[in-house]
Structures are given as C-alpha cells and as structure tokens.
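Student: here's my sequence, what's the structure:
(chains A and B)
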2 protein chains.
Amino acid sequence: MSSREAKEKYMGIAVREAYRGVAGNAGGPFGAVIVKDGEVIARGHNRVVRAKDPTAHAEIVAIRRASKKLGRFDLSDCEIYSTCEPCPMCLAAILWAKIPRVYFGCTKEDAAKIGFADEAIDKALKGRKVGRRFRMVPMAREACLKLFALWQNKSNRVLY
Amino acid sequence: MSSREAKEKYMGIAVREAYRGVAGNAGGPFGAVIVKDGEVIARGHNRVVRAKDPTAHAEIVAIRRASKKLGRFDLSDCEIYSTCEPCPMCLAAILWAKIPRVYFGCTKEDAAKIGFADEAIDKALKGRKVGRRFRMVPMAREACLKLFALWQNKSNRVLY
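Tutor: Numbering: from 1, shown residues only, chains lettered A, B, ... in the order given. Here you go, the predicted structure:
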C-alpha cells in the first residue's frame, strides 16, 4: 500500500470512529486515530456528552488510550489523524505527548460554523478575545515557588 | 471566613495536593482544586509520570473529577485554584468546561525555569515558534465536512 493510500485508510478509520460517536450520541462529530509503525494503536471519538467530561475530545481519548497501550507518556514515534483540526486543548496535548505529525480533515473555522467553540477558544488563548466573565487571578506565588524549589532539588524527578 | 481567607484556604489545599503528588512520584509539582458554592468538590495533582498519561495535568484531573461528581460537563458555577498558571491544554479545558475564574500561583515563566514546556507550547499555539519537526497536514476535508453536515441535521444533538 502506498503511503498516500495508507494515510487515506487511517483517516477513513477516524471518520468511521466519528460516525460511531454521533450514532451513539456520545458527543460532537469528531474522531481520531493514532498510528505507530503503520499500525493503528488507538482510536477515539468525542465523548463529552456521554461521559459528561469536557476534556473527552476525540484526540484526548485517543492519546490516553495510546499511552495506556504503550505504557508511556511519550508518543514521539506516533502520528495522529483527526477528522478536524485539533482545538487548542488537543493541540497542546499532542505537543505534550510529543507527537510530531497531525493529519486533519475539517478546519477550526468549519467547526465554528457548526456551533463549536474551537475558534473562540483559540482566539482567547492568543489573547485576542477573552469572554467578559472570564478572569485569571494571580495569588500565593511565593508559596508555590517553594513547591517548585522542592521539585528542583528532587534527585529522582522525571521530566516529561 | 472572609473571602480572602477562603481563597487562601483553597489555594493551600491545591499546594498540599501538589506536595502529595511530588512525594508520591506521580509527576510534576502541580496541584489544583475546584470549588463550588464555597466547597472543594474535586482536587488533583499532576499524574503524567505515574499514570503514563501526557494529559494527566492537575487541572485536567480535577476537572474530570468535578464533572464526574456533578454529573455534567458544564462547570460554569465553579472556580479553579491551581498552583501554576494553566498551560494551554489546561486553559483550553477550563474554557471548554466554562469555568469562569482561575486563581493561580506560579507563572508559566516560573514553570519554564524549572524545565517544563508550558511556555514553549504557549508560543507554538500562538504561532510564534513551532518545533522544526512538528507538522500539521490538511487532508480529506470533503469527507469530514459530510460528517459535520450529518451532525447539523441531527435533531437530538447536544452542544457543549
């Protein structure tokens, strides 16, 4: 199978995963798969509504499953296929997981058009527009810096 | 108890939660609590290393627990206290959960100083700097738009 055919196959699996989620009323129309060495090792669809979990986006579900399967938090040898351009939460999760390549179908503008907040959250994170009610309040930095100092002096700390 | 004293109490619980995580080698030095109507309804510490889950940041753990406890994905009547300014993944999760107020201790620059990627990921999401190896590739948008059309025509769809 050519590389292009393989990519279309993986995206096809992500699309079917999304249809499954919609049919089961799990959440929004989003699916994702994670591929390692030409093999689909995890798949997921949006489960925000069914799981009552605002973090249960397709990519997050797939990343958690892939990490569990491989027994590690570093997925730098994997690729992710998503039916939609990842929202900032998922994109940051992909970066934390060190996944180097993302294939995506619809854009965040497409997601905004069907009523999802992806684009608004993206703008909020870029500091261009934050909801009137939303506030971030700094406090107790000194106490928290002590915690960081303890961490820095910990000989067996694991970075991720 | 005055409002200020209450806030210090909640942040103190987040700090203790972080110390617990560090002592148990669960992950980085981060803790979070979620408060509703003056009551701590969920707490969490970073568990990336122990759970082998790159998404298991303190705020994500606390949000998942609060949502489970309340049985809903909408936490707009809650506040979150975190020992550190939330990374983009957690900040976007907070926005998806509709939590209107975030109290935080250390800054993302403080986190960068002790070796965490928060600031780098923040810059990547703002389009100012993306790692050389990281690529996002659009594909199969038409097939994915069909999925969105199905969703739009679904009478019992739930937005979040």
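
Student: which stretches in chain A count as strands?
Tutor: Secondary structure of chain A (DSSP state E): strands at A:31-36, A:39-45, A:78-84, A:101-106, A:135-138.

Student: any idea how far the helix-or-strand element of chain A with minimal mean pLDDT is from the chain center?
Tutor: Lowest mean confidence among the helices and strands of chain A (mean pLDDT, DSSP states H and E): helix A:118-125, at a mean of 87. Remark: helix A:118-125 is offset 15 Å from the chain centroid, using C-alpha atoms, centre = their mean, to the nearest Å.

Student: do the same with stretch A:8-21
Tutor: On C-alpha atoms, centre = their mean, the centre of stretch A:8-21 falls 16 Å from the chain's centre.

Student: what does it contact?
Tutor: Applying C-beta atoms under 8 Å, 6 or more residues apart in numbering or on different chains, the contact partners of stretch A:8-21 are A:1, A:26-33, A:35, A:40, A:43-47, A:58, A:79, A:81-83, A:103, A:105, B:139-140, B:143-144, B:147, B:150. For every residue, glycine as well, the C-beta is placed using N, CA and C.

Student: who touches the residue most central in space within chain A in this structure?
Tutor: Closest residue to the average C-alpha location of chain A: residue A:90 at 2.5 Å, with C-alpha atoms, centre = their mean. With contact set as C-beta under 8 Å, 6+ apart, residue A:90 has these partners: A:57, A:58, A:59, A:60, A:82.

Student: Throw those into TSV and include neighbour count, distance to chain B and pLDDT, thanks.
Tutor: What follows is these, written out as TSV (neighbours: other C-beta atoms under 10 Å in any protein chain shown; distance: C-beta to the nearest C-beta, whole Å; pLDDT from 0 to 100):
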residue	neighbour count	distance to chain B	pLDDT
A:57	31	8	98
A:58	31	11	98
A:59	32	9	98
A:60	29	6	98
A:82	31	9	98
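
Student: which two from those residues end up farthest apart in space?
Tutor: Greatest spacing in the contacts of residue A:90, by C-beta to C-beta: A:60 and A:82 (10.8 Å).

Student: neighbours of residue A:21, just the number please.
Tutor: Using other C-beta atoms under 10 Å in any protein chain shown, residue A:21 is surrounded by 27 other residues.

Student: show the pLDDT at it.
Tutor: pLDDT, residue A:21: 97.

Student: which residues in chain A form helices?
Tutor: Taking DSSP state H as the criterion, chain A carries its helices at A:3-23, A:58-70, A:88-96, A:108-113, A:118-125, A:141-152.

Student: the inter-axis angle of the last one versus helix B:3-23?
Tutor: Right, the one you point to is helix A:141-152. In terms of direction (axes from the mean of the first three to the mean of the last three C-alpha atoms, to 10 degrees), helix A:141-152 departs from helix B:3-23 by 0 degrees.

Student: for the record, mean pLDDT for helix A:141-152?
Tutor: Rounded mean pLDDT across helix A:141-152 is 94.

Student: can I get that helix as CSV, trimmed to CA atoms?
Tutor: This file holds the C-alpha atoms of helix A:141-152, laid out as CSV (Å, rounded to 0.1, in the frame of the first residue of the first chain):
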residue,chain,number,x,y,z
ARG,A,141,3.1,32.8,44.1
GLU,A,142,5.7,32.6,46.9
ALA,A,143,4.2,29.5,48.4
CYS,A,144,4.0,27.9,45.0
LEU,A,145,7.6,28.8,44.2
LYS,A,146,8.7,26.9,47.3
LEU,A,147,7.0,23.8,45.8
PHE,A,148,9.0,24.4,42.6
ALA,A,149,12.2,24.6,44.6
LEU,A,150,11.5,21.3,46.3
TRP,A,151,10.9,19.8,42.9
GLN,A,152,14.2,21.1,41.5
